[in-house]
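> With the sequence up front, the predicted model follows.
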Amino acid sequence: MTHSHPKIAVFALIVASAALLAGCAEIGKSKYADDPLYASGYTDGCGTGTGFNPSDPSTLLRDPDGWGGSPAYRSGWKKGFNACRPSKGGQSSNYPDDAYGRRNGPSGY
């Protein structure tokens, strides 16, 4: 005589679901996230995203050496810019041209 064990089946389902979701934790994380220049770029990008004014160049917060020489800084800047800019339901042409990435508005990431 076989008995079904619904508690065991539910437990197994929960464990399997947790294992699958744990694998998703890395999705969207930059490969540069542990680099200090990524954090610096994120801070500058976020500052630009929240206060950029095209008529005032001083509102573009960006380290030229980091932007030109560090993929980690650039990636962090774009991520921060995209995370902190106001959402207006579409792209604005008032952002710096090189802020735009491959996808989803100015940062693209």
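Good, I have the coordinates.
> When you work out contacts or count neighbours from here on, use the C-alpha atoms and nothing else.
Noted.
> Pull up the gap between the closest residue to residue 39 other than its chain neighbours and residue 7, please.
Residue nearest to residue 39 in three dimensions, not counting chain neighbours: residue 76, with 6.1 Å by C-alpha to C-alpha, 6 or more residues apart in numbering. To residue 7, residue 76 is 45 Å away according to C-alpha to C-alpha, to the nearest Å.
> Quick check: the residue nearest to residue 39 touching residue 41?
Yes. Contact criterion C-alpha atoms under 8 Å: residue 76 and residue 41 qualify, at 4.5 Å.
> How about the secondary structure of residue 67?
Of the three states, residue 67 takes helix under DSSP: H, G, I helix; E, B strand; the rest coil.
> Next: residue 33.
Three-state call for residue 33 (three-state DSSP): coil.
> now the one 10 residues further on
In the three-state summary, residue 43 is assigned as helix, counting by three-state DSSP.
> I figured it hits residue 75, correct?
No. Assessed by C-alpha under 8 Å, residue 43 is found out of contact with residue 75, at 11.4 Å.
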